[in-house]
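Engineer: Starting from these lines, generate the structure:
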Amino acid sequence: MNCELLATCSALGYLEGDTYHKEADCLESVKDLIRYLRHEDDTRDVRQQLGAGQIVQNDILPIIIQHGQDKALFDACIRLMVNLTQPAMLCFGKVPDDPVFRHHFLQVTSHLQAYKEAFSSEKVFGILSEILYNLLQLDWDQRQEEDNLLIERILLLVRNVLHVPADPCEEKKVDDDASVHDRLLWAIHMSGFDDLVKFLASAQTEQQWSMHVLEIISLMFRDQTPEALVSAGQARSAEEKHRDSQELEALRQKELAEKHSRTLQRGTRHSRFGGSYVVQGLKSIGDKDVIYHRNLHNFKNYTHDTGKAVRRVPKRNRQAQEGKDKRRSALNVRLLLREFCVDFLENCYNHLMYLVKESLIREQTQQHDETYYLWALSFFMAFNRGNGFRADLVSETVSIRAFHFMERNITNYYEMILTDRKEATSWSRRMHLALKAYQELLLTVNEMDRSQDGSIRQSANVIKSNIFYLMEYREIFLTLLRKYDETRQPQSYLKDLVESTHLFLRMLERFCKGRRNLMVQRKKVRRKRSQRGRKPATETSPEALEETWKIVEEELKAASYQLSGSLTESIVPFDATSETPLEEQRTEAMVRVQDALLARLGPEALGLLRAAREVWPEGDVFGSVDVEPEEELELLKQILHANLPRSSPLEPAAEEVDDDDDAVELEEEELENIQVSEKEFNFLDFIKRFASPGIVRPYLLLLKSYSKNTPHTNHCIARMLHRLAVDLKMDALLFQLSVFNLFNKILSDPAAAAYKELMTFAKFVLNKFFAVAAKNNKAYVELLFWKNVGAVREMTEGYSHDGEGKKPSWTEEEEEELRKLYEEHRHSEVPDIVETLLPLLNNSSRTRRQVVTQLVHMGLVDNAKELKKQKIGTRIVLWTEEQEQELQMLFEEYKDSDDVLGNILKKLTAKRSRARVVDKLLSLGLVSERRELYKKRSRSAQGKRSGAAMTEEEFLESLTQGFPDDPVERDNEDDGEDESDESEEDEEEEEKRETSLNEGRRTQTLHSPVEKRADVGNMVWALQQEGMSGPMLWLQNCLNRTAGDREKDGLSQPVALVPLTEENEDAMDNKSFRKLLRKLGMRAPANEQESFWRIPETISESQLRSAAAALSPKEEEPRGDEEQNNSQTPTEETHEEGQGLDEDEDEVSGERRAQALRALLLTRKRKHHTSEQTESTPVEDAQSTPERSQEKTSTKRSRVLDDGEENSIHLLFVSLKMAVYAPSHKAC
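Structural biologist: Now for the predicted structure:
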């Protein structure tokens, strides 16, 4: 020892018998030792010298025991011992690789083990408990800063002592014997320190010590298992006895079999000459057969590797080492720990775990402190399950937040295993802890599901619904199995992973059985590459474009217009998070297609065109949905030669840029676009994802140690392999030589009777293989390879021959038939000759593409373009600069007219649909909303016509012009102008876009009683005539139920309208039914994450009941509406007009015009029906149908009416005209 250290230690005092006599400068000497430790070198020489001198055992501990009343000296001694007992890993940072430093590391560890043995005294922990108790008795306002520091140092000292590892060389003791750690726990218990720990864990005023307390508790239970503590002091159950007897019987059978085999190996007499044998068919190094010089009973173990040096396995390929085994402590220690667990669960667990979790979330702890939380969760929840399960004791850690916390930590640990390779072993242990905690959460939820309490079962059902719905929780085990690496993760981790997967699948299967339709979340991650820099401009001369097109065309034809899956997934033409308007993004997508063509990237251009077609299907801007490949080729050519508007590139900030900076600017970065949607879950489809060699291989790796596995582990393995081989009929997935070798080992095991399940499964797979081998002579060769799903199908169902899957060839007879048919119809004036030839061919399986290709191949036509299918909508409908200027000029010319949009459509040079013109006007900023483009009604004209006589044709024409606010009528006009450009999906999107514009009008309409609105009544009556009474009743019940719930709870939340019957689902797909829903104020799905219509929270209870009353079945609904409108008194009209606003006049008049028109048409229909019965109606009457009465050119129609019809219609016409124009007179 250093002379200065020796002098300092001598100045502390001396021990005489059991009495310690301290020196006068004892306190200063202790402080000097602290200073020496602060300035020690990397070899920790001061620490080693103090440990070799046994200063802690002979001086420091006697000082605190006998002179604990000296507060300053006690505090200094505690500081010194906290420093001396800190783990060797903290002193050196890691286990040193250098032999010299490794020696110093082991020396420090041996001194720590000696300190731990010295601390296992009741006197030491008695004084520590007494001092700590006195400090905790002080209120928070009476405690000084020194008191809090002393509390923390005492807790750190106890933690350091408990953390000291056991010495395997010194503690060669069996189970149930007291080790040093057990004696330390007993001293803690006898001194009452464990009660102080429980007080710190449960007290509200001692929250700052929560992390220290959790560390101490985890180190106390370091060598224990929950199962051993639960069974401590209790008689063994019948199940445990049966399990032990099975294990003993298996060992006995194995021993008897080995004894029997040894007996057979011995001959009847001894022979010095064992014999030499020639092994026929087994070649040696040369061309001759092998000569065997040993006894025949060992021949089955013969191998060419006998006598060779064992190949050294590289360190990076060695299997991960298992952690140290658990040992069973003495019975009295297990009993006191069991009692501690019971008290801790009842009084401390929920409070302490909440505090620790909050500290972890707020990052108020040290690095890797979450491992203590993970251990405590798995240990105490497992103890709670075994010791009479009570859900309330662990309620803090049974939640969706806990599952999310575990899943996030597992993912983080796995990423760190890949990145931090030097510390991969430590990250693997932490990942194992997180997996154990996740497994324990599943076991607890499964135990809750079997509880007798209904509320607990309901809570478990809610948790299961969430974890089965989210994709992260469903696929975590798939990912962990696929990423298992035996060089980094031990076999115990694989065992827990297999058992957790088995539990999860069993819970999921049971959850799916009781439900017909289970909707789950699905996420699609689409990656796109965004270039930061622009490429230099490509030459766009006609000759260069023609040459570029030839190269692109040949490339696409060579690939048969097929794109790879990776290319299709990587292309994203639309950015939902961008602030760029949709119109500009569509133009940018077209420019990107042109850029890809100019760069001669044909597949990228075609993939981008198809992806853009899915995003913008309206108007067939990027081609129609069922476009042919040849038409796509023609469309790409048009895009290549088109003069598309491009944004001006940004000018560089500096003239001279380094080459490295250019490389950075042109660097491509991957961007992830996650699309979330819902799909119906199918359990069998989910199991199919486990049918992969990468997932089966870890199971077979664990099965190799079947004799060491527990029966439950072997059952989990057999059940998963059974799901694949039997449930999915993928038994050929296990047709592999290593698997059969393992099966042979199981079947020939002397103790095979203990593995009946594995034996049965092995025989099943072998029988299946021999059945396949009888039909497939290549089955034995297939044993050498792992097989995917495609290889399995080929092995069992037959291999695909060469040329199979390609385009079928044409025989000479078929070519002659095609030539004759083409010659017969080539001069006929049919619009599409290919469509004419297809049904006439004998081979009905021929497609249009095959026929066109063959005609070109035979030379009957020069180019496939001659046979192009004529379709509307494959043209490019982008706006050029000249067209935009023309549109602006027309708008400025007609913006003050009554019909702005109609005049513009008449004068436009390039004819476009009404919807396209409206969208362009909005994007150019010429109008702010669609209402500005609606046709205006002239008030002066109405005044002139009000007093004068109005013909019926003029009245009908005025009625048809009064509905510009109705999105349905607007869509019908668009359909009439350009039916091929507008599909039903386009109309729905148009209605959704206009929903926000019409929100004010709908809100005003909803505030009026729904049952008094004629338009709703007519729609209800029409739907009843279509046979939708059932869905109407279902909708009425939903509205009444929602109104009742809102009155009862006092809360208004959106309620989804979920159709559970096929009839209701069909109704939700019906366009008329959806129109009724919009009229009633229901909200359509807002985005792709919503699948159902919803009752908004803004509708009150009275409005819901009013809407439900409007759905009641009525007879002669139009007539009732007519009478209701005619029976309104002037007082009611005056009252309604008085409280209305000026902007409601157009809406009210438009609604009454609609009522008048419907009533008039109904009268004609009834009269027409009567005339057909009397057979006196001329042909012209039959043509005046209700459909024709809705045409806009009604002024030119001719009618043949009798006197009765003229009188009735005249009276109805006069009354309705008065009803329609009454508001105008009142306004004047």
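Engineer: Low-confidence bits of the stretch 801-950 of the chain, can you list those?
Structural biologist: Applying pLDDT under 70 to the stretch 801-950 of the chain picks out residues 801-808, 829, 869-878, 937-950.
Engineer: per-domain residue ranges of this structure.
Structural biologist: 3-234+339-357, 542-641, 712-799, 812-857, 881-933, 1018-1110 (the TED database).
Engineer: averaging pLDDT over each of those domains, which comes out lowest?
Structural biologist: If you rank the domains of the chain by mean pLDDT, domain 542-641 sits at the bottom with a mean of 76.
Engineer: Where do the strands of the protein begin and end?
Structural biologist: For the chain, the strands defined by DSSP state E cover 13-16, 19-22, 277-283, 289-292, 519-531, 668-680, 1055-1057, 1093-1095.
Engineer: for the stretch 501-650 of the chain, what spans make up the helices?
Structural biologist: Assigned by DSSP state H, counting those that start in this stretch, the helices in the stretch 501-650 of the chain fall at 542-558, 565-570, 582-598, 602-615, 629-641.
Engineer: Columns distance to Phe681 and mean neighbour count on top of the domains of the chain, output as CSV?
Structural biologist: Using the backbone N, CA and C atoms, a C-beta is placed for each residue, glycine as well. Converted to CSV, the domains of the chain look like this (distance: least, CB to CB, whole Å; neighbours: other CB atoms under 10 Å):
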stretch, distance to Phe681, mean neighbour count
domain 3-234+339-357, 31, 17
domain 542-641, 23, 17
domain 712-799, 16, 16
domain 812-857, 35, 14
domain 881-933, 39, 16
domain 1018-1110, 14, 16
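Engineer: Which of the helices of the stretch 501-650 of the chain sits closest to Thr371?
Structural biologist: Nearest to Thr371 among the helices of the stretch 501-650 of the chain is helix 565-570; the distance by CB to CB comes to 37.9 Å.
Engineer: quick one: Arg474 and Asn466 touch, right?
Structural biologist: No - Arg474 is beyond contact range of Asn466, at 11.1 Å (criterion: CB atoms under 8 Å).
Engineer: quick one, which of the two is more surrounded?
Structural biologist: More crowded of Arg474 and Asn466, by other CB atoms under 10 Å: Arg474, with 18 against 14.
Engineer: For the more buried one, which non-adjacent residue is spatially closest?
Structural biologist: Of all residues not flanking Arg474 in the chain, Phe468 sits nearest, at 6.5 Å (CB to CB, 6 or more residues apart in numbering).
Engineer: ok, the one you found to Gln521 distance?
Structural biologist: Using CB to CB, to the nearest Å, Phe468 is found at 10 Å from Gln521.
Engineer: What of Arg826?
Structural biologist: From Arg826 to Gln521 the distance is 56 Å (CB to CB).
Engineer: Check Asn148 too.
Structural biologist: Counting by CB to CB, the gap from Asn148 to Gln521 is 48 Å.
Engineer: swap in Glu932?
Structural biologist: Glu932 is 42 Å from Gln521, by CB to CB.
Engineer: for His21, same thing?
Structural biologist: 74 Å.
Engineer: same thing with Ser245?
Structural biologist: Counting by CB to CB, the gap from Ser245 to Gln521 is 48 Å.
Engineer: Of the two, which one has the most company?
Structural biologist: Using other CB under 10 Å, the more surrounded residue of Ser245 and Gln521 is Gln521, with 17 against 10.
Engineer: Return the residues in contact with that one.
Structural biologist: Applying CB atoms under 8 Å, 6 or more residues apart in numbering to Gln521 gives the contacts 469-471, 676-678.
Engineer: again, only using 7 Å
Structural biologist: 469-471, 676, 678 (CB atoms under 7 Å, 6 or more residues apart in numbering).
Engineer: quick one: which of those is most hemmed in?
Structural biologist: Of the contacts of Gln521, with other CB under 10 Å as the count, Leu470 tops at 17 neighbours.
Engineer: coming back round to it: count residues in the vicinity of the residue nearest to Arg474, would you?
Structural biologist: 18.
Engineer: any idea how far it is from Phe403?
Structural biologist: From Phe468 across to Phe403, the span is 11 Å (CB to CB).
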